[in-house]
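# Give me coordinates for this.
(chains A and B)
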Amino acid sequence: MLFRKAPDLTYADVTPKAVYLDRRKFLQAMGLAGATAVAGKNLFELAMPSQTALAATKFGDLVKSPFSTTEKVNSFEDVTHYNNFYEFGTDKSDPAKNAQKFNTSNWVVSVEGDVAKPRKFTMDEILKIAPLEERIYRHRCVEAWSIVVPWIGFSFSNLVKLVEPTPKAQFVAFQSYYDSRQMPQGRWAGIEFPYVEGLRMDEAMNPLTLLCVGMYGESLPNQDGAPVRMVIPWKYGFKGIKSLVKIKFQSKMPPTTWNLAASSEYGFYSNVNPNVDHPRWSQATERRLGEIFKRKTLMFNGYSDQVASIYSGMDLKKYY
Amino acid sequence: MHALLTSKWTKVAVFLLCLIPFSLLVWRGSTNGLGANPVEFIQLTTGDWTLNFLVLTLCITPFRKLLKLPDLIRFRRMLGLFAFFYVCLHFLTYLGPDQSFSLTSMLKDVAKRPFITVGFTGFLLLLPLALTSTAGWIRRLGGRRWNMLHRAIYLAAICGVIHYYWKVKSDVRMPLFYGALVAILLLWRLGDWFFKGRSASGARLSPQHIPANPAQ
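Next up is the predicted model:
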């Protein structure tokens, strides 16, 4: 009863004009179908006319990534209606409602600090930095739930190389867009905005670290951090800053939003670690959305092979 | 008003109203309406309604006195039992999906995490109240002792609010809202007791307001 049914969607179910002209209804139908990313993409191509009002940009010819998991991808409906994006409200369903009118046109990302070539990137320029890849990553929230998402983007290191950091650059500081007029719900969030995050340089250069511009074959929906965000799959989800506007290379460890809000609960590193509990709940297990019972959480969210070595010798209980 | 409040049908209507949140959950559950994380949705909803019914139960005594509507007492037990009903659902979604029905892992969690400890304490406090909610138990314990015991609801409500406050990450508006309601309702009792002395608090227990008829 509590489980999503998976009605057999056929071509006939998605092609009626009334359905395919109404993108939102279509997305709901797709969510119910629990469509996989691949099926989802095909359905999109069948059913989505490119001229719809809310049209997201579709990305063709995505490079498949060896970092992708083969686990079952969560539905687009789940990933777009269960969001922590406190600028748009603290309830999981708030961002889907409140971010619809968020204006992301003429987006510029400023890259500055200890770099030889500071510059501003438009979205068009960002999309040309490197070939776009589809990376199906596990995403583990600090709140002990997880999802599997087919993100689109490329390794953040591609951007780093373009701006040529100087030897002084030991950390990268990130900043989100914030505009209280566009995000009036943000004043009740209980955390300071603009949202800030940070990575150590070697973390930023790890090939897993993704500069993300889309998911499910198209550009990012507003509630998922449009138009460009970070995805760091071995860290808790809140490290993946959304709606990115500023990247600064620096010698000092940058402040991070949740650490500022509650330093005993959220550290700078915030690597997924089943052995270090959040003070208020266990991190040993997680609920994969779509499942009832909890599953075991993996060290570094299952990405130990790629990242464990950069933390060798570090006390991860101390540097949580 | 007396006729309305003492009508059997009013009681039936209130009973059905109290079932609406539960019915909505069942309806949503059968129509894929519980969102991306159904377990969490049920946990949050049943938690909210536990607090709602605790607050409503605590409203009865002040409203009886302030509005001079002693007949409101007829609904107090039902509202309290609905608080217990929703807290049981809340607890079961924790014991089941979260703790895989393992009592040992649950007890470990209760001992380890303050927000679980305080929530579980609130649940345990409500247990004897639900068990002794019958007219038979009121007679067996005697009005004074029964009333003493049932003051545990004050603690349970405080536990519920703290549980909620410690659970949220940063947006504390709703926990503070419930905290304010519970604080007002408890402070009113303190004021009532302070200003009217023992005779007034005795009057609250006066026999004519205690349902004497077990069938009631």
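# and the most centrally placed residue in chain B, what helix or strand is that in?
Nearest to the geometric centre of chain B sits B:Leu54, at 2.9 Å (Cα atoms, centre = their mean). Assigned by DSSP states H and E, B:Leu54 falls within helix B:38-66.
# where along the chain do the helices fall?
As the question left the chain open, I've gone with chain A. A:11-14, A:17-21, A:23-33, A:37-47, A:76-81, A:94-98, A:123-127, A:157-163, A:201-205, A:257-261, A:304-307 (DSSP state H).
# my bad, the chain I had in mind was chain B
B:2-6, B:8-30, B:38-66, B:76-93, B:103-112, B:114-131, B:135-141, B:143-150, B:152-167, B:173-204.
# now those as a markdown table including distance to A:Pro194?
No exception for glycine: its C-beta is placed from N, CA and C like everyone else's. As requested, the helices of chain B are exported to a markdown table (distance: least, Cβ to Cβ, whole Å):
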| stretch | distance to A:Pro194 |
| --- | --- |
| helix B:2-6 | 55 |
| helix B:8-30 | 36 |
| helix B:38-66 | 28 |
| helix B:76-93 | 36 |
| helix B:103-112 | 35 |
| helix B:114-131 | 29 |
| helix B:135-141 | 58 |
| helix B:143-150 | 50 |
| helix B:152-167 | 26 |
| helix B:173-204 | 21 |
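# With mean pLDDT and distance to A:Ile136 added, can I get these in TSV?
Output for these, formatted as TSV (pLDDT from 0 to 100; distance: least, Cβ to Cβ, whole Å):
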stretch	mean pLDDT	distance to A:Ile136
helix B:2-6	87	61
helix B:8-30	96	29
helix B:38-66	97	24
helix B:76-93	98	30
helix B:103-112	94	31
helix B:114-131	97	34
helix B:135-141	95	59
helix B:143-150	95	55
helix B:152-167	97	32
helix B:173-204	84	36
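# on that earlier part again, quick one: the residue nearest to the centre of chain B from B:Val87, how far?
Distance of B:Leu54 to B:Val87, given as Cβ to Cβ, to the nearest Å: 9 Å.
# The residue nearest to the centre of chain B touches B:Ala157, doesn't it?
Yes - with contacts counted by Cβ atoms under 8 Å, B:Leu54 reaches B:Ala157, the gap being 4.6 Å.
# helices or strands next to the helix holding B:Leu54 in the packing?
Under the contact definition 3 or more Cβ pairs under 8 Å, 6 or more residues apart in numbering or on different chains; DSSP states H and E, helix B:38-66 sits against helix B:8-30, helix B:76-93, helix B:152-167, helix B:173-204.
# Check the offset of stretch A:67-78 from the chain's centre.
A distance of 13 Å separates the centroid of the chain from that of stretch A:67-78, by Cα atoms, centre = their mean, to the nearest Å.
# And chain B, is that stretch touching that?
Yes - using Cβ under 8 Å from any Cβ of the partner chain, stretch A:67-78 reaches chain B at A:Asn74, A:Glu77, A:Asp78.
# Report how many residues lie close to the first one.
If I follow you right, that is A:Asn74. For A:Asn74, the neighbour count with other Cβ atoms under 10 Å in any protein chain shown is 24.
# could you list every residue that touches A:Ala284?
A:Pro274, A:Asn275, A:Asp277, A:Lys296, A:Thr297 (Cβ atoms under 8 Å, 6 or more residues apart in numbering or on different chains).
# between the residues you listed, which is nearest chain B?
Chain B lies nearest to A:Asp277 out of the contacts of A:Ala284, by Cβ to the nearest Cβ, at 7.9 Å.
# Could you report the neighbour count for that closest one?
A:Asp277, neighbours per other Cβ under 10 Å, totals 15.
# Leaving out the residues flanking it, which one is nearest to it?
Spatial nearest neighbour of A:Asp277, excluding adjacent residues (Cβ to Cβ, 6 or more residues apart in numbering or on different chains): A:Gln283 at 5.2 Å.
# Then A:Tyr195?
Per Cβ to Cβ, 6+ apart, closest to A:Tyr195 is A:Ser176, 3.9 Å.
# Would you agree that neighbour is in contact with A:Phe238?
No - using Cβ under 8 Å, A:Ser176 is not in contact with A:Phe238, being 11.3 Å away.
# Just the ones of the contacts of A:Ala284 in strands?
A:Lys296 (DSSP state E).
# now the contacts of A:Ala284 as JSON lines including pLDDT?
Below are the contacts of A:Ala284 laid out as JSON lines (pLDDT from 0 to 100):
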{"residue": "A:Pro274", "pLDDT": "97"}
{"residue": "A:Asn275", "pLDDT": "96"}
{"residue": "A:Asp277", "pLDDT": "90"}
{"residue": "A:Lys296", "pLDDT": "97"}
{"residue": "A:Thr297", "pLDDT": "98"}
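# from the contacts of A:Ala284, which is closest to A:Phe88?
Lowest distance from A:Phe88 to the contacts of A:Ala284 (Cβ to Cβ) belongs to A:Thr297, with 27.3 Å.
# residues touching the closest one, list them.
Neighbours of A:Thr297 in contact, by Cβ under 8 Å, 6+ apart: A:Arg140, A:Ala144, A:Ser146, A:Val272, A:Pro274, A:Gln283, A:Ala284, A:Thr285, A:Glu286.
# So what's the residue count around the third one?
I take that to be A:Ser146. A:Ser146, neighbours per other Cβ under 10 Å, totals 24.
# same thing with the fifth one?
Neighbour count of A:Pro274, defined by other Cβ under 10 Å: 17.
# got the contact list for residue 156?
Defaulting to chain A. A:Phe156 touches A:Ala204, A:Met205, A:Thr209, A:Leu210, A:Leu211, A:Met230, counting by Cβ under 8 Å, 6+ apart.
# should've been chain B
B:Ala156 neighbours (Cβ under 8 Å, 6+ apart): B:Leu54, B:Gly122, B:Phe123, B:Leu125, B:Leu126, B:Leu129.
# That one and chain A: what is the separation?
21 Å (Cβ to the nearest Cβ, to the nearest Å).
# Look up the closest residue to that residue, ignoring the ones flanking it.
Per Cβ to Cβ, 6+ apart, closest to B:Ala156 is B:Leu125, 4.1 Å.
# B:Val55 now?
Nearest non-adjacent residue to B:Val55 (Cβ to Cβ, 6+ apart): B:Leu181, at 5.1 Å.
# Check B:Gly80 too.
Nearest to B:Gly80 is B:Thr57, by Cβ to Cβ, 6+ apart, at 4.5 Å.
# you'd agree the one you found is up against B:Ile153?
Yes - between B:Thr57 and B:Ile153 a contact is recorded at 6.5 Å, counting by Cβ under 8 Å.
# Pull up the overlap in contacts between these two.
B:Gly80.
# Looking at those two, which has the bigger crowd around it?
More crowded of B:Thr57 and B:Ile153, by other Cβ under 10 Å: B:Thr57, with 25 against 19.
# And that one, how far from chain A?
27 Å.
# Check the gap between that residue and B:Arg189 for me.
13 Å.
# Also A:Lys252?
A:Lys252 is 54 Å from B:Arg189, by Cβ to Cβ.
# the more surrounded of those two?
Counted by other Cβ under 10 Å, A:Lys252 and B:Arg189 do not tie: B:Arg189 has more neighbours, with 17 against 10.
# these two touch, right, that one and B:Lys65?
No - the criterion here is Cβ under 8 Å, and B:Arg189 misses it with B:Lys65 at 10.2 Å.
# mind listing the strands for chain A?
Using DSSP E, strands in chain A cover A:63-64, A:108-113, A:119-122, A:133-140, A:145-155, A:171-176, A:196-200, A:210-215, A:218-219, A:229-231, A:244-250, A:285-288, A:295-296.
# For B:Phe101, find the nearest of those strands.
Across the strands of chain A, closest to B:Phe101 is strand A:285-288 (Cβ to Cβ), at 14.1 Å.
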